[in-house]
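Asker: Fold the following, please.
(one chain, ligands or ions: 1)
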Amino acid sequence: MERGYRGRILMVDLQEGACREEEIPDEVYERYLSGTGLAARILFDRIPAGADPLGPDNILGLVSGLLTGTGSMFSGRWSVVAKSPLTGTWGDANCGGTFSPALKHCGYDGIFFRGISPKPVYLLVENRKAELRDAADLWGKDTIETEAILIDRHSRRRQAKVACIGPAGEKLSLISGVSNDRGRMAARSGLGAVMGSKRLKAVVCTGVLRIGAFDREGIRRLSKKCSKFVLAPVPFVSGKGAAVMGKIMAKLPVNMAMDGILMKAVTRKWGTCAMNQMSVQMGDSPLLNWKGSSEDWTIERSSSVNPDLIVSREKVKYHCYSCPMGCGGICTMTGKFSETHKPEYETTLALGGLCLNDDPESIFYLNEILNRAGMDTISAGGTVAFAIECYERGVLTKEDMGGLELTWGNSKAIVALVEKMIAREGIGDLLADGSKRAAERLGRSSIDWAIQAGGQELPMHDGRNDPLFSLHYSVDPSPGRHTTGAFLYYDLYQLWKEVKGLPKVSLISRKDRRYVVDDEKAAMGAAMSQFKRVIDGAGMCLFGGTLGISRVPLFKWLNAATGWHKTPEEYLEIGARIQTVMQAFNVKQGVEPKDMKISERAIGRPALTEGPNRGRTYDLETMMSKYWERFGWDPQTGKPTDQTMEKLGIGR
Ligand code: SF4
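Answerer: Here you go, the predicted model:
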């Protein structure tokens, strides 16, 4: 019977050069789904305690999603997984593009690598056949060059799809990622370095095997309805109007619950760059290495990255596989490169507002060179902002910087510094492993200016504006991630419409209530983590989820693909199991969950004196404790209890 998933993975031993298929029993999918859920179970069982993330015992996985290829919308996301060398925790990095269906067309739900190859190699996979090939001629090439060579070399009936690392991963930068589709990055957790440590340059998929599903017609009906919602036009204001809206929202004493209709409108029109100015004005964007406010980055100053200006450079829209929304775009550039993926909001703020850089050309250029190098733009921007503050405070000197005047907003110096980080040259060698590692070497209180969770630079959403962002940065098994939970997401998911017992949000709520720690927020936080685990097991895009569960029917698609009859509550229980096995992975690896808490500055300690977040701080520690308790983990330590492990049938 066809169930959406393949029921099979490929295990590659790079030391021995051997590839071996493994059948995965149906019950594993019923308990963990596919994607990162399946991967969490495999890595928890097989990576020994205390494994060196860059050593032979670490296992690197590339996984698709259960719904990928079944005809469900928004289901083309794939993930890279391993023990993270950046945080020492469970590491995953999620990515769009076209690699996920290609992996499944080869006959596998995931490909896992252990060991270290004696020489650079790439894996060529086609219809359940795989072989390692020499990559000597590719080593040193950037992601886009590598992909082009391998597509040219291996495309036959269908274009080959390639996931690869660039020079950053080869040089073991702890903030490097894995790329597909000319610079779409699985950027977080430093997993490019794991791939580089294994001397694995790329994975090339050329398969054409059909992907089955239990009820294709049912999926088609659901997808048709979903597409109709996504494609229905919604009028919306201009980019400048969005900024003004953000300013008004910051001044109101109340929050208005966001709805997926609004999300759809802005995401389709602009993509994430819709937030470039609006988020600054409402207090969502951290500025000046988290010590500034919208007073430092006024509407006038940030107008150089106004969403309308960014989109005016879009020569064609970009859709990931099976996505009706198409939040991406390919933009034109002048100079060394002719085009680049449209810079995401995260990229623009990390390399822009966080460093007070208002030069859009430098942001487009940095976006492209970081994508080519295979380096995470969020961590790169966070590390540059940290370095600027070190320079401002005299911990780094002009001599240390190789002559660069690394002042706020000096775009030439910022570009030159990122180039050094990519090349691991001079001060760039220290910074290529992120801000926390650099601070540990620089000393002199600089750790206070490395704004991170567990060693990973924080994304561009300020928990002083939405404290549930901070909660998830601190409690996610892969710390410092903005894609798991926030009040914003809870409003948008509208899970209470389908999952019994979850708190319902009202259209208007008092802002100050957000900072009060209570059981309701723990329930919201836990539900979002569980839901995100289901999203990643299905291979769905988070932006699909933000349109609302009744419009993007994830649970119904899963039942139609598999023939299961699971309730929404049962799917959230699967999410709890996956979350718990990821946390158990961390505990097995010696991680203390409470040490993953975000930097004090990001919690408002000390509080800002200007801007929308002035005076705001909150009791994050109690929030974390309540969240852990909600999962049945020890509320003091954050470690899953034996009873919870047993209840979820995980085993040690
Ligand atoms: S909404 Fe954007 S990121 Fe998500 S699948 Fe579509 S194009 Fe990709």
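Asker: Quick check: the most far-flung residue of the chain relative to its centre vs the ligand, distance?
Answerer: Most distant residue from the mean C-alpha position of the chain: Glu399, 35.3 Å away (Cα atoms, centre = their mean). Using Cβ to the nearest ligand atom, to the nearest Å, Glu399 is found at 43 Å from the ligand. From N, CA and C alone the C-beta is placed, and that goes for glycine too.
Asker: And the helix or strand of the chain with the lowest mean pLDDT, how far out from the chain middle?
Answerer: The helix or strand of the chain with the lowest confidence, counting by mean pLDDT, DSSP states H and E, is helix 239-251 at a mean of 85. Counting by Cα atoms, centre = their mean, to the nearest Å, helix 239-251 is centred 26 Å from the centre of its parent chain.
Asker: and the next element down the chain from that helix?
Answerer: strand 254-256 (DSSP states H and E).
Asker: Identify the residues contacting the residue of the stretch 101-250 of the chain found nearest the ligand.
Answerer: The stretch 101-250 of the chain approaches the ligand most closely through Arg184 (8.2 Å), counting by Cβ to the nearest ligand atom. Applying Cβ atoms under 8 Å, 6 or more residues apart in numbering, we find Arg184 in contact with Cys95, Gly96, Gly97, Cys320, Gly328, His341.
Asker: how about a cut-off of 7 Å?
Answerer: By Cβ atoms under 7 Å, 6 or more residues apart in numbering, the residues touching Arg184 are Cys95, Gly96, Gly97, His341.
Asker: same deal with Thr580?
Answerer: By Cβ under 7 Å, 6+ apart, the neighbours of Thr580 are Phe631, Pro640, Thr644, Met645, Leu648, Ile650.
Asker: does the nearest residue to the last one once chain neighbours are set aside belong to a helix or a strand, and which?
Answerer: It refers to Ile650. In this structure, Ile650 finds its nearest non-sequential neighbour in Val581, 5.5 Å apart by Cβ to Cβ, 6 or more residues apart in numbering. Per DSSP H and E, Val581 falls inside helix 568-588.
Asker: Could you look up the next helix or strand downstream of that helix?
Answerer: Following helix 568-588 in sequence, per DSSP H and E, is helix 620-630.
Asker: Going by neighbour count, which residues in the helix or strand just after that next one are buried?
Answerer: Using DSSP H and E, the next helix or strand after helix 620-630 towards the C-terminus is helix 642-647. For helix 642-647, a neighbour-count test (16 or more other Cβ atoms under 10 Å) marks Thr644, Met645 as buried.
Asker: Tell me which other helices or strands helix 642-647 touches.
Answerer: Where contact means 3 or more Cβ pairs under 7 Å, 6 or more residues apart in numbering; DSSP states H and E, helix 642-647 is packed against helix 568-588.
Asker: what angle do the helix it packs on and helix 620-630 make?
Answerer: 120 degrees (axes from the mean of the first three to the mean of the last three Cα atoms, to 10 degrees).
Asker: interface residues of the chain facing the ligand?
Answerer: Phe74, Gly96, His319, Cys320, Cys323, Met325, Gly326, Cys327, Gly328, Cys541, Phe543 (Cβ under 6 Å from any ligand atom).
Asker: Count the neighbours of the closest residue to Leu366 other than its chain neighbours for me.
Answerer: Nearest residue to Leu366, sequence neighbours excluded (Cβ to Cβ, 6+ apart): Leu351, at 5.0 Å. Counted with other Cβ atoms under 10 Å, the neighbours of Leu351 add up to 30.
Asker: and what of Leu209?
Answerer: Leu209 has 15 nearby residues by other Cβ under 10 Å.
Asker: Just the C-alphas of the helix holding Val581, formatted as PDB.
Answerer: Provided in PDB are the C-alpha atoms of helix 568-588 (Å, rounded to 0.1, in the frame of the first residue of the first chain):
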ATOM      1  CA  PRO A 568      -5.100  16.500  15.300                       C
ATOM      2  CA  GLU A 569      -4.400  15.700  18.900                       C
ATOM      3  CA  GLU A 570      -2.600  12.500  17.900                       C
ATOM      4  CA  TYR A 571      -0.500  14.500  15.500                       C
ATOM      5  CA  LEU A 572       0.500  16.900  18.200                       C
ATOM      6  CA  GLU A 573       1.400  13.900  20.400                       C
ATOM      7  CA  ILE A 574       3.700  12.800  17.600                       C
ATOM      8  CA  GLY A 575       5.200  16.300  17.700                       C
ATOM      9  CA  ALA A 576       5.700  15.900  21.500                       C
ATOM     10  CA  ARG A 577       7.500  12.600  21.000                       C
ATOM     11  CA  ILE A 578       9.800  14.100  18.400                       C
ATOM     12  CA  GLN A 579      10.500  17.100  20.500                       C
ATOM     13  CA  THR A 580      11.300  14.900  23.500                       C
ATOM     14  CA  VAL A 581      13.600  12.600  21.500                       C
ATOM     15  CA  MET A 582      15.500  15.700  20.300                       C
ATOM     16  CA  GLN A 583      15.800  16.900  23.900                       C
ATOM     17  CA  ALA A 584      16.900  13.400  25.000                       C
ATOM     18  CA  PHE A 585      19.500  13.600  22.300                       C
ATOM     19  CA  ASN A 586      20.900  16.800  23.900                       C
ATOM     20  CA  VAL A 587      20.900  15.300  27.300                       C
ATOM     21  CA  LYS A 588      22.700  12.200  26.000                       C
END
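Asker: which parts of it are buried?
Answerer: Buried, per 16+ other Cβ under 10 Å, within helix 568-588: 568, 571-588.
Asker: Could you do stretch 417-431 as well?
Answerer: Quick answer for stretch 417-431 (16+ other Cβ under 10 Å): Leu417, Val418, Lys420, Met421, Ile422, Arg424, Gly426, Ile427, Gly428, Leu430, Leu431.
Asker: again, but for stretch 600-610
Answerer: Arg601, Ala602, Ile603, Gly604, Leu608.
Asker: For the closest residue to the third one other than its chain neighbours, give me its contacts.
Answerer: To tie it back to what came earlier, the one meant is Ile603. Excluding its sequence neighbours, the residue lying closest to Ile603 (Cβ to Cβ, 6+ apart) is Leu620, at 5.2 Å. Each residue near Leu620 by Cβ under 7 Å, 6+ apart is listed here: Ser470, Leu471, Ser474, Lys597, Ile603.
Asker: hmm, who's touching stretch 36-44?
Answerer: By Cβ under 7 Å, 6+ apart, the list of residues contacting stretch 36-44 reads 24, 28, 32, 59, 61, 63, 79, 81, 92, 109-110, 112, 533, 536-537, 578, 581-582, 584-585, 588.
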